[in-house]
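1. just a sequence and a predicted model for now, questions to come.
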Amino acid sequence: MIKNNTLWSVFFSSGAISYSIGVPSDDKEQVIGFVPFEPEAIKKGYIKRPKEIQQILKSIKTEHHLSGDKVRIVLTGENLLFKKIAIEKSILKIKDMRDYIESQLGTSIHFPFDSPTFDYYVIDEDEEFYNVLVSISDSNLIEDYVDMFESIGTYKIEFDNSYMATYRLFYYYQKHGEKIIPAQEDYFIPQSTGEMFVSIYHNSLTIAIFDQMIPVFTMLEVLEDSDFSDMVAQYIERIANYYQYNIHKGTHKINHIEIFDYNSCQQPSQTKQGLNKKLTDFNTSFFDFSLIKSYKDSLCHKGNFMVLAASLKE
């Protein structure tokens, strides 16, 4: 049976495409799939062998009878960057905000993309300034994704990002157990300050800190194999210190650290044991994947949880 107007969420990793169909519900188990592909077909988010990826995506649509569908693509941390800037209100008498930000790309705002595209969000303001969060990615990468999905007949295309997806995953499950709160926008999620989210997948480490649902710090590092938990702990301690004294000048500190261990999920691991011993000065916990109704050990892949989190936004 053809399913019209169905959302499917997609995450591209270096060796597989993760996807979910529809949204979670109490009535039936959500479809979550994982399709591996040959190495180098996608590298650091960039599509290198489009015909191979196109065939996989077309097969997913055919298998699940999708028509008139909408896709939500989750960008990885290395393909989306954030910067908080202050804009003088007097400047905006001459230019509007988008034109001003665009004029600053490559001058006062630097990002490692030759052809950047951006969006922005006004965090707050005072008498003289707007405080603005700018998110930016490579327009070539975005256009390649759009072209890919349009080539298989999917024209309703949205983008999410792994930082917000992680935040959403925590609040929908860890804070509310199995109860899923439907929401059209992320602002329905409770807001607090000093929330650090640490994601571990293979030997990569991603850290994001949120104040009032705004990512005030993000980083992605590939770590050496030796004493992995010790290196992760050092990064966490260093960044917690940076947040407290550089970002907030000593007025705020990290309130909670949530660790997503995508290498072991619910299984015991040396990394978990090591971090539990080393992070005793912080309020730290490991995300409980068993709270997800459809969880099973075979789902233990970061991409699978990113597409689940993307579908929670619907």
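-> Here it is on my side, so go on. The shown structure was predicted, so the numbers you read here are calculated from the model rather than taken from an experiment. Numbering: from 1, shown residues only.
2. please count neighbours and contacts with C-alpha atoms only from this point.
-> OK.
3. ok, P215 touching I207?
-> No - using C-alpha atoms under 8 Å, P215 is not in contact with I207, being 10.2 Å away.
4. leaving aside the residues next to it on the chain, what's closest to G22?
-> In space, and not counting its chain neighbours, G22 is closest to L7: 5.0 Å by C-alpha to C-alpha, 6 or more residues apart in numbering.
5. quick one: the one you found from I85, how far?
-> From L7 across to I85, the span is 34 Å (C-alpha to C-alpha, to the nearest Å).
6. tell me which of those two has more neighbours.
-> Set L7 next to I85 and count neighbours by other C-alpha atoms under 10 Å: L7 wins out with 21 against 17.
7. the more buried one is in contact with R72, isn't it?
-> Yes - with contact defined as C-alpha under 8 Å, L7 and R72 form a contacting pair (7.3 Å).
8. overlap of the contact sets of these two?
-> Residues touching both L7 and R72 by C-alpha atoms under 8 Å, 6 or more residues apart in numbering: S311.
9. and the residue nearest to G22, bridged to which residues?
-> Legend: beta-bridge partners of L7 under DSSP bridges are K70.
10. list the contacts of it.
-> Residues in contact with L7 (C-alpha under 8 Å, 6+ apart) are I21, G22, V23, D69, K70, V71, R72, S311.
11. got the residues you listed as a markdown table, with distance to T117, pLDDT and neighbour count columns?
-> Shown next, in a markdown table, are the contacts of L7 (distance: C-alpha to C-alpha, whole Å; pLDDT from 0 to 100; neighbours: other C-alpha atoms under 10 Å):
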| residue | distance to T117 | pLDDT | neighbour count |
| --- | --- | --- | --- |
| I21 | 28 | 94 | 22 |
| G22 | 28 | 90 | 21 |
| V23 | 29 | 86 | 22 |
| D69 | 25 | 88 | 18 |
| K70 | 22 | 94 | 20 |
| V71 | 20 | 96 | 23 |
| R72 | 18 | 97 | 23 |
| S311 | 24 | 93 | 24 |
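12. which one among these gets closest to F170?
-> Taking C-alpha to C-alpha as the measure, F170 sits nearest to S311 out of the contacts of L7, at 13.7 Å.
13. next, that closest one: phi, psi?
-> Note on S311: backbone dihedrals following degrees, to the nearest 10 are phi -70, psi -20.
14. spatially nearest residue to it (excluding sequence neighbours)?
-> S311 sits nearest to V23 (C-alpha to C-alpha, 6+ apart), 5.3 Å away.
15. let's have the contacts of L7 in CSV, adding distance to V132.
-> Converted to CSV, these look like this (distance: C-alpha to C-alpha, whole Å):
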residue, distance to V132
I21, 34
G22, 33
V23, 31
D69, 33
K70, 29
V71, 28
R72, 25
S311, 27
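16. all helices for the stretch 201-314 of the chain, in order.
-> Here the stretch 201-314 of the chain has its helices, by DSSP state H, counting those that start in this stretch, at 228-242, 270-278, 302-311.
17. show me where the stretch 51-200 of the chain has its strands.
-> Along the stretch 51-200 of the chain, counting by DSSP state E, counting those that start in this stretch, strands occupy 66-67, 70-75, 81-88, 116-125, 129-138, 156-161, 195-201.
18. poorly predicted segments of the stretch 51-200 of the chain, please.
-> Regions of the stretch 51-200 of the chain meeting the criterion pLDDT under 70 cover residues 175-191.
19. please repeat the previous calculation with a cut-off of 50.
-> With pLDDT under 50 as the threshold, the stretch 51-200 of the chain has low-confidence stretches at 177-188.
20. hmm, S229 is touching S269, no?
-> No - under the criterion of C-alpha under 8 Å, S229 makes no contact with S269, lying 10.3 Å away.
21. the more surrounded of the two?
-> S229 (19 against 12).
22. next up, the contacts around that one.
-> Going by C-alpha under 8 Å, 6+ apart, S229 touches Q270, T271, K272, G274, L275.
23. got those residues as JSON lines, with distance to N203 columns?
-> Listed next are those as JSON lines, based on distance: C-alpha to C-alpha, whole Å:
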{"residue": "Q270", "distance to N203": "14"}
{"residue": "T271", "distance to N203": "11"}
{"residue": "K272", "distance to N203": "14"}
{"residue": "G274", "distance to N203": "15"}
{"residue": "L275", "distance to N203": "15"}
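24. top of the residues you listed by neighbour count?
-> Neighbour tally across the contacts of S229 (other C-alpha under 10 Å): the maximum, 20 neighbours, falls on L275.
25. find the nearest non-adjacent residue to that one, please.
-> Setting aside the residues directly before and after it, L275 is nearest to S229 in space (C-alpha to C-alpha, 6+ apart), at 5.8 Å.
26. same deal with V122?
-> V132 is the one closest to V122 (C-alpha to C-alpha, 6+ apart), at 4.4 Å.
27. could you count how many residues lie near V307?
-> Neighbours around V307, by other C-alpha under 10 Å: 28.
28. noted, bye for now.
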